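Student: A structural model of the following input is requested.
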Amino acid sequence: MNRTKLLLSHINLMNILLIVVLMFLVYYMVVPLLSKSIHYSLPTVVKHEKPESGADNKTELTKTPSPFDYAIIAEQNLFHPERKIPAKEIDAQALPKPEFVLYGTLKSGDINIAYMEDRRSPYTTVGRGKRQKTLKLGNSMSGFVLNDIQHDKVVMVRGEEKIEVKLINPQHKKERK
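Tutor: Predicted coordinates:
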């Protein structure tokens, strides 16, 4: 009787919930494993009928393609290391003629640098506004490539078109004070 009172004094709601969960798990997990009434059913076999004489057109449409149909994939392999991207031709007339300004040049030994700006399409950055671009031989600006750097001028080339930009432009005279 002492043991019964001791056992009843330790029963609380949490212990009752744990017992219910344990019984649930035993009923739904262990009992089905012990059951011997497992039946398997095989899928039904569908017999295909021979096509009628007019159904030849349908079979031609469902034929698998021949290996020769896939030859184009091997010829134009996207992942080949020597693949080439086709060059797009840009119409020279579609590009507007730039308005280059040469701010200065730097020639020292093997270093040739030109400081330029294109007023029609200025180079800007956030917080700093319009800026000059530093160009070396072979660099491009507005579709033109820097071809030659002299102390007082540079030569920009696009195809057959050449533009010579001078440091001091005689056409734009500045007011001096």
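
Student: Which residue ranges make up the domains of the protein?
Tutor: Using automatic domain parsing, the domain parsing of the chain gives 2-31, 100-166.

Student: can you redo those as a markdown table with mean neighbour count?
Tutor: Glycine gets a C-beta too; all of them are placed from N, C-alpha and C. Listed next are the domains of the chain as a markdown table, based on neighbours: other CB atoms under 10 Å:
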| stretch | mean neighbour count |
| --- | --- |
| domain 2-31 | 9 |
| domain 100-166 | 14 |
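
Student: Now do the helices in this structure.
Tutor: Counting by DSSP state H, the chain has helices at residues 2-9, 13-25, 31-34, 56-61, 71-75.

Student: lowest-confidence stretch among those helices?
Tutor: Lowest mean pLDDT within the helices of the chain: helix 56-61, at a mean of 55.

Student: so where's the protein shaky on pLDDT?
Tutor: 36, 38, 50-62, 74, 77-78, 80, 83-95, 172-177 (pLDDT under 70).

Student: where's Gln132 relative to Ser41, distance?
Tutor: Counting by CB to CB, to the nearest Å, the separation of Gln132 from Ser41 is 82 Å.

Student: One more: Val145?
Tutor: For Val145, the distance to Ser41 - CB to CB - is 76 Å.

Student: got it, and Glu161?
Tutor: On the measure of CB to CB, Glu161 and Ser41 end up 81 Å apart.

Student: swap in Leu22?
Tutor: Counting by CB to CB - Leu22 and Ser41 are separated by 34 Å.

Student: so how far is stretch 40-51 from its chain's centroid?
Tutor: 47 Å (CA atoms, centre = their mean, to the nearest Å).

Student: Convert that stretch to CSV, retaining C-alpha atoms only.
Tutor: Output of stretch 40-51 as CSV, limited to C-alpha atoms (Å, rounded to 0.1, in the frame of the first residue of the first chain):
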residue,chain,number,x,y,z
TYR,A,40,1.9,-7.3,-53.1
SER,A,41,0.1,-6.8,-56.4
LEU,A,42,2.0,-6.7,-59.7
PRO,A,43,1.2,-4.0,-62.3
THR,A,44,-1.1,-5.1,-65.1
VAL,A,45,0.5,-5.9,-68.5
VAL,A,46,-0.9,-3.9,-71.5
LYS,A,47,-0.7,-5.6,-74.9
HIS,A,48,0.0,-3.4,-77.8
GLU,A,49,-2.0,-4.0,-81.0
LYS,A,50,-0.4,-4.0,-84.4
PRO,A,51,-0.8,-0.7,-86.2
